[in-house]
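*Asks:* Make a model of this:
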Amino acid sequence: MASLHWTCSPPGGVPGPIYYSWSQDNLTEIDRGWVIKASTLEELANKIRVDADNGGLMQPSILAETVKNYNRHWLAANMSTEAFMGFHAFNAKKITGRDVIDFVEYRRLTAQGKPVDEAFMEAVLAKPKGEAVR
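*Replies:* Numbering: from 1, shown residues only. Now for the predicted structure:
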């Protein structure tokens, strides 16, 4: 979602101020034709293909394959991180008394875009025995 604090130059040499403050929901930019909205990847690819700035180069199958590949890589990275954290919890059972992590909290924090830092790990990993949960 765009922020009111972000600015950028309008696309395609649109006359106006040097910087433009985007609407919070991008609806203004959709109405102006600066953002293309579609319900499916195929519909988006077809709208991009007929856009004058694209020159007919967009192929729906290529867009679909690119998004599929990106999603596959994201899923692999996410699963790798979850596996690493699960192995850590299993290996730390003698210290914590638990061999699981809070995967619901992990996914909630990930969805919020939180950095994986000390606070993140503290929120999802089991606490050492005798330590109160904050």
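*Asks:* From here on, just use CA atoms for contacts and neighbour counts.
*Replies:* OK.
*Asks:* does Ile48 count as helix, strand or coil?
*Replies:* Secondary structure assignment for Ile48 (DSSP: H, G, I helix; E, B strand; the rest coil): helix.
*Asks:* Could you pull out the helices in this structure for me?
*Replies:* Assigned by DSSP state H, the chain shows helices spanning 27-31, 41-50, 60-91, 93-96, 103-111, 118-124.
*Asks:* between the second one and helix 60-91, how many degrees?
*Replies:* Translated: helix 41-50. 130 degrees (axes from the mean of the first three to the mean of the last three CA atoms, to 10 degrees).
*Asks:* of the helices of the chain, which approaches Ser21 most closely?
*Replies:* helix 27-31 (10.2 Å; CA to CA).
*Asks:* Return the set of buried residues in that closest one.
*Replies:* Of the residues in helix 27-31, none has enough neighbours to count as buried (16 or more other CA atoms under 10 Å).
*Asks:* Put the alpha carbons of that helix into PDB.
*Replies:* Taking C-alpha atoms only, helix 27-31 is exported to PDB below (Å, rounded to 0.1, in the frame of the first residue of the first chain):
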ATOM      1  CA  LEU A  27      -7.500   4.400  -6.500                       C
ATOM      2  CA  THR A  28      -6.600   7.900  -7.800                       C
ATOM      3  CA  GLU A  29      -3.700   6.500  -9.700                       C
ATOM      4  CA  ILE A  30      -5.900   3.700 -11.100                       C
ATOM      5  CA  ASP A  31      -8.400   6.400 -12.300                       C
END
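*Asks:* Which neighbouring elements make contact with that helix?
*Replies:* Based on contacts counted as 3 or more CA pairs under 8 Å, 6 or more residues apart in numbering; DSSP states H and E, there is no element that helix 27-31 packs against.
*Asks:* hmm, who's touching that helix?
*Replies:* For helix 27-31, contacts defined as CA atoms under 8 Å, 6 or more residues apart in numbering pick out Trp22, Ser23, Val35, Ile36, Lys37.
*Asks:* surely the last one meets Ala45?
*Replies:* No - counting by CA atoms under 8 Å, Lys37 stays clear of Ala45, with 10.4 Å between them.
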